[in-house]
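> give me coordinates for this.
(one chain, ligands or ions: 1)
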Amino acid sequence: MSTALAEKNAHQLALENFDLAADALQLEGDIREMIKYPERILTVTLPVRMDNGRIRRFEGFRVQHNTSRGPAKGGIRYHPNVTLEEVKALATWMTWKCAVVNIPFGGGKGGVTCNPKDMSQGELERMTRRYASAILPLIGPAQDIPAPDVYTNAQIMAWIMDTYSMTKGFPVSGVVTGKPISLGGSLGRNEATGRGVFYTTQSACERLHIPIKGARVVVQGFGNAGSVAAHLLDSAQALVVAVSDSRDCIYNKNGLDVPKLMMHKDSTGAVAGFPGAETISPAELLALECEILIPAALENAITMDNAGRVRAKIIAEAANGPLTPEADTILEDKGSFIIPDILCNAGGVTVSYFEWVQDEQHLFWDAHDVYARLERVMTTSFIDVVKIRDERKVSMRTAANMLGISRVAETTRLRGLFP
Ligand code: NAD
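You can find the predicted model right below:
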């Protein structure tokens, strides 16, 4: 996934999107100068003792794009194709995403260029602890709060929390989110992104007068975000007709039994071989006639080559950047209703914020509380974005960027320029 982004020069794309929204906002030049580029960039070299006794060097990054609204917030990615340009782009998108859902965080992102699939647990732990100590001057509950991203997880967050806490001399759970529950993680964090996708999709259906009951749903990428969104839509009586993973696409025009499919995926590790479903090609999956298409796998999944065949009325971007700019234009022109990633998948960072609040207060909420607050944030944000879209006659993506950027611009104006 990172390769595709890198080919597109992810940071360049982020800057172009910024300019588009900033032009629509008629944002003054001085503010543009202040908020367009990352505030801080740290590149670190990580020597790690491998299991064979030799030392191997890895390169890592932490970027804080903007902290005018609060501490930087954003995940840490472990992937062979991680580059500084990609991390800068992801940090930029985090700034606008946090501002769209109006949580008091800025944007950050981190990454280590490595292939965790080829590393033992011991190697991963040593690399993670070395990375955590290398970025220690930047992170902290009031400064910059990492979280999991591609190929990082709750265990890795636990190692970062421990490394930070050992250095301070006392436990600091609020330094990362996406932790195990027993270390101060939040109930509902695991399914937060998929749940947020569900809430925004529900709002889109209401707006387009599409009944959820019986609406046909196609999910590309039946992983964490995709499967939770599918499950909630299924519970609301939508018809999940097709899903895919990195190997196969399965289809049943009468609807797949989603709870059983989740169990099948858990036990076999794949969607393939699910009873009662036929196998189709990835191209056929994207071209299925449906009310809701959820790209929940990779960046640049829908391009100018396949966008013309997409027939979905609503496209809910669970993944980050699943549409190329060309695909975006084609689908907008066709009249598809796109729920852009920085709105659609913001449920994850929103519950990360809830986790941080609970850690700081040492007071934990039940799952019902988390879900109710998340629903409020997602539906309010959806309404805010649609309002800008309607008033300014722009795309949903530009409207979301305009909302995020205008909020960051406002705090920047109020705080003024130091010194
Ligand atoms: P995941 O690894 O749990 O799931 C990804 C799924 O996509 C897997 O089932 C994988 O097999 C499948 N997949 C990979 N390549 C595919 C392909 N070519 N075609 C079809 N399926 C393919 O990851 P996730 O956490 O669900 O994240 C998915 C997307 O959502 C990513 O773009 C991620 O950045 C974004 N996202 C996730 C979160 C979160 O909290 N999990 C938050 C914000 C954004």
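> okay, CA-based contacts and neighbour counts for the rest of this
OK.
> got a list of what Leu343 touches?
Contact analysis of Leu343 by Cα atoms under 8 Å, 6 or more residues apart in numbering lists 97, 100-101, 200, 378, 381-382, 400.
> including secondary structure, could these go into TSV?
Below are these laid out as TSV (DSSP: H, G, I helix; E, B strand; the rest coil):
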residue	secondary structure
Lys97	helix
Val100	helix
Val101	coil
Thr200	helix
Met378	helix
Ser381	helix
Phe382	helix
Ala400	helix
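> ChimeraX command for the buried members of the residues you listed?
Only the buried entries of the contacts of Leu343 go into this ChimeraX selection, using 16 or more other Cα atoms under 10 Å:
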select :97,100,101,200,378,381,382,400
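> would you turn the contacts of Leu343 into a markdown table with distance to Leu84 and pLDDT?
Output for those, formatted as a markdown table (distance: Cα to Cα, whole Å; pLDDT from 0 to 100):
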| residue | distance to Leu84 | pLDDT |
| --- | --- | --- |
| Lys97 | 20 | 98 |
| Val100 | 25 | 98 |
| Val101 | 26 | 98 |
| Thr200 | 31 | 98 |
| Met378 | 30 | 98 |
| Ser381 | 30 | 98 |
| Phe382 | 31 | 98 |
| Ala400 | 25 | 98 |
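> in the contacts of Leu343, find the pair that's most separated.
Longest distance between any two of the contacts of Leu343 is 14.2 Å, between Lys97 and Thr200; criterion Cα to Cα.
> list the buried residues of stretch 58-76.
Neighbour-count burial for stretch 58-76 [16+ other Cα under 10 Å]: 59-76.
> next: stretch 43-51.
Quick answer for stretch 43-51 (16+ other Cα under 10 Å): 43-44, 46-48, 50.
> identify all contacting residues around that stretch.
With contact meaning Cα under 8 Å, 6+ apart, stretch 43-51 is reached by 55-62, 120, 122-123, 126-127, 130-131, 134-135.
> same thing with stretch 362-377?
Under the contact criterion Cα under 8 Å, 6+ apart, stretch 362-377 has outside partners 101, 186-188, 196, 199, 347, 350-351, 354, 358.
> quick check: end-to-end length of stretch 323-339?
End-to-end distance of stretch 323-339 (Cα to Cα, to the nearest Å): 11 Å.
> the ligand contacts on the stretch 101-250 of the chain?
For the stretch 101-250 of the chain, the residues in contact with the ligand (Cα under 6 Å from any ligand atom) are 193, 220-226, 244-246.
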